[in-house]
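>>> Give me the fold of what follows.
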Amino acid sequence: MKTSKYSYQAKIFQREMWGILFIVLLGSFLHFTFDLSGSWKPLGIISAVNESVWEHLKLVFWPAVFWMVIEYYFVYRNNKDNYPNFLLAKAIGAYLMPVVIVIIFYSYTIFTGESILAVDLSSFVIAVIIGQFVSYRLLRDLKSSRVYNWLGLAMLVVAIILFAMFTFFPPEVGLFRDPPTGGYGIIQ
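Modelled structure (predicted):
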């Protein structure tokens, strides 16, 4: 029995670690897809449309959601009893990644007064690792209720709406400001 529990937890851990690689690679690619597409506006919902902090948060959120969809299709949908808190675990991980990036970015720029690319790239990877590790810890907790999945789904829907809305109608506050141009949202 103990081996079975260990094997189950090892499988979850392994999937979440593969998720780190997937999220980092896809997020890196999404940094450039809007420009590569010729500024195709619908793609701006999932790609960075400028160099603001907000737009960079898409680069962890969307790949985490895409990884969740892959996991859902290949693992969760056939094993719902083994993953009663799947959506909540994935939603918390997807929320945590942008939060970690914001905390690191604003913490170090208070002292430096400017963005440092190496720190920004490191914070991206650190955020993904933390988000995936928290997701792993929540996934392996079989005591959660399926009711929590509705909360996770609601969290994901709210974030998706906000990312879409603020791509086209960003508030004019620092989080949404494109440092090179001083503009907001899709820069013409």
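
>>> only C-alpha atoms for contact and neighbour calcs from this point on.
OK.

>>> got a list of what the residue nearest the centre of the chain touches?
Of all residues in the chain, the one closest to the mean position by CA atoms, centre = their mean is residue 61, 2.3 Å from it. The neighbourhood of residue 61, defined by CA atoms under 8 Å, 6 or more residues apart in numbering, consists of 94, 95, 97, 98.

>>> Let me know the secondary structure of it.
Three states are possible here, and by DSSP: H, G, I helix; E, B strand; the rest coil the one that applies to residue 61 is helix.

>>> Per-residue pLDDT of it, please?
Per-residue pLDDT puts residue 61 at 97.

>>> same thing with residue 142?
pLDDT recorded at residue 142 is 60.

>>> Repeat that for residue 4.
The confidence metric pLDDT takes the value 64 at residue 4.

>>> Likewise for the one 5 residues further on?
Residue 9 carries a pLDDT score of 76 in this model.

>>> nearest spatial neighbour of it, skipping sequence neighbours?
If you skip the residues right next to it in sequence, residue 9 has residue 140 as its closest partner in space, 6.2 Å away by CA to CA, 6 or more residues apart in numbering.

>>> Helices along the chain, start to end?
For the chain, the helices defined by DSSP state H occupy 2-36, 53-74, 86-112, 117-139, 147-168.

>>> how far is the second one from where the chain is centred?
Same thing as helix 53-74. Centroid separation between helix 53-74 and its chain, computed with CA atoms, centre = their mean, to the nearest Å, is 5 Å.

>>> Only alpha carbons, please: show it as PDB.
Output of helix 53-74 as PDB, limited to C-alpha atoms (Å, rounded to 0.1, in the frame of the first residue of the first chain):
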ATOM      1  CA  VAL A  53       4.700  44.000 -16.200                       C
ATOM      2  CA  TRP A  54       1.100  43.100 -16.800                       C
ATOM      3  CA  GLU A  55       1.800  41.800 -20.300                       C
ATOM      4  CA  HIS A  56       4.600  39.600 -19.000                       C
ATOM      5  CA  LEU A  57       2.200  38.000 -16.500                       C
ATOM      6  CA  LYS A  58       0.400  36.400 -19.500                       C
ATOM      7  CA  LEU A  59       3.600  34.500 -20.200                       C
ATOM      8  CA  VAL A  60       3.200  32.400 -17.100                       C
ATOM      9  CA  PHE A  61      -0.600  32.400 -16.800                       C
ATOM     10  CA  TRP A  62      -1.500  31.100 -20.200                       C
ATOM     11  CA  PRO A  63       1.100  28.400 -20.500                       C
ATOM     12  CA  ALA A  64       0.000  27.200 -17.000                       C
ATOM     13  CA  VAL A  65      -3.600  27.100 -18.300                       C
ATOM     14  CA  PHE A  66      -2.600  25.200 -21.500                       C
ATOM     15  CA  TRP A  67      -0.600  22.700 -19.300                       C
ATOM     16  CA  MET A  68      -3.700  22.300 -17.200                       C
ATOM     17  CA  VAL A  69      -5.800  21.500 -20.300                       C
ATOM     18  CA  ILE A  70      -3.200  18.900 -21.400                       C
ATOM     19  CA  GLU A  71      -3.200  17.300 -18.000                       C
ATOM     20  CA  TYR A  72      -7.000  17.400 -17.900                       C
ATOM     21  CA  TYR A  73      -7.300  15.700 -21.200                       C
ATOM     22  CA  PHE A  74      -4.700  13.000 -20.600                       C
END
